[in-house]
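1. give me coordinates for this.
(chains A and B)
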Amino acid sequence: MLYLYDGALDVPRILKEWYEQETQSNYGAYIPFVGTVRSEDGIDGLSFDIYEPILNSWFATWQEKAKEKGAVIKMAHSRGDVMLHESSYIAAVFSPKRRVALEFIDTFVEDFKASAPIWKYDLKDGKRIYALDRSTAIAGSGILGVKS
Amino acid sequence: MIRVEFLGPIQKEPLEVNITNLSELAKLLQDDAELSQWLENSAVAVNDTLVCSLEYALKDGDKVSLLPPVCGG
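-> Next comes the predicted model:
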């Protein structure tokens, strides 16, 4: 289950909805991760672009991996602007036992940072500045730059 | 005709080009100075599937996307 929202996430509502969706599913563990915009380098907030077709297929691959372990992943992300101390990202894993969920939330979030087609911009002095220095090239990048 | 789209922070309008593989696209885009910084660090998708080989054959109607470095969350 992948949920995209315009602007900041309503974290209490989303966590509550996800909890209620799975109350009868017999999962023993619900482990959420919430990403919140911190004040640093004088930014006013962050902004995000998302390319949904590849995000959807990337997420579906992870959902299949989770299913093989009897788990389910839920993820919410913001589009557009998210200001300081608001949240732009929630990932959560439900699983029968805690160990699977603890391991999955770690590997899932790390791959999300490296592979999910989402672009981050700093909002600063009225400008939207691509955060290249904090971004990661997707595996296999650069083939079009190879000179033949 | 192949449609080429530039995603995220690459500020460039889509192109329509007549090419048969990604190797030809590489040569074409390498002539564009404003793209040079992006070709080195962008991933490539054909019809929304990531590809890793320049030999990938293209057919009429295909969509090629360039995906610069990402940072969700």
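2. okay, buried residues for the helix or strand hosting A:W119 please.
-> Using DSSP states H and E, A:W119 sits in strand A:118-124. If you call a residue buried by 16 or more other CB atoms under 10 Å in any protein chain shown, then strand A:118-124 has these buried ones: A:I118, A:W119, A:K120, A:Y121, A:D122, A:L123. Where you see a C-beta, it was placed from the backbone N, CA and C, and this is true even at glycine.
3. quick one: the strands in chain A?
-> A:2-6, A:29-36, A:45-50, A:72-83, A:87-95, A:118-124, A:127-130 (DSSP state E).
4. ok, the strand holding A:W119 near chain B or not?
-> Yes: Strand A:118-124 reaches chain B (CB under 8 Å from any CB of the partner chain) through A:I118, A:W119, A:K120, A:Y121.
5. out of the helices and strands in chain B, which is least certain?
-> helix B:36-39 (a mean of 94; mean pLDDT, DSSP states H and E).
6. how far does it sit from the chain's center?
-> Here helix B:36-39 is found 11 Å from its chain centre; the criterion is CA atoms, centre = their mean, to the nearest Å.
7. kindly report the residues of chain A close to chain B.
-> Within chain A, the residues that sit near chain B (CB under 8 Å from any CB) are A:35, A:48-51, A:53-54, A:57, A:77, A:88-89, A:109, A:112-121, A:130-132, A:134-148.
8. show me what the next helix or strand after the least confident helix or strand of chain B is in contact with.
-> Next helix or strand after helix B:36-39 toward the C-terminus (DSSP H and E): strand B:43-46. Here strand B:43-46 makes contact (CB atoms under 8 Å, 6 or more residues apart in numbering or on different chains) with A:54, A:137-141, A:143-144, B:22, B:50-51, B:56, B:58, B:62-67.
9. okay, strand B:43-46 in CSV with CA atoms only?
-> Provided in CSV are the C-alpha atoms of strand B:43-46 (Å, rounded to 0.1, in the frame of the first residue of the first chain):
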residue,chain,number,x,y,z
ALA,B,43,19.7,6.3,-14.7
VAL,B,44,17.8,5.4,-17.9
ALA,B,45,14.4,3.8,-18.1
VAL,B,46,12.7,2.5,-21.3
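10. B:L50 reaches A:G140, doesn't it?
-> Yes: counting by CB atoms under 8 Å, B:L50 touches A:G140, with 6.3 Å between them.
11. of the two, give the one with the bigger neighbour count.
-> Using other CB atoms under 10 Å in any protein chain shown, the more surrounded residue of B:L50 and A:G140 is B:L50, with 19 against 12.
12. pLDDT at that one, what is it?
-> pLDDT, B:L50: 97.
13. A:Y121 against B:P9, yeah?
-> Yes: with contact defined as CB under 8 Å, A:Y121 reaches B:P9; the gap is 7.3 Å.
14. now do the shared contacts for these two.
-> Listed as contacting both A:Y121 and B:P9 by CB under 8 Å, 6+ apart are A:D49, A:Y130.
15. so what's residue 18 up against?
-> Using chain A here. Residues near A:W18 by CB under 8 Å, 6+ apart: A:Y30, A:P32, A:K74, A:A92, A:F94.
16. wrong chain, I was asking about chain B
-> B:N18 neighbours (CB under 8 Å, 6+ apart): B:M1, B:I2.
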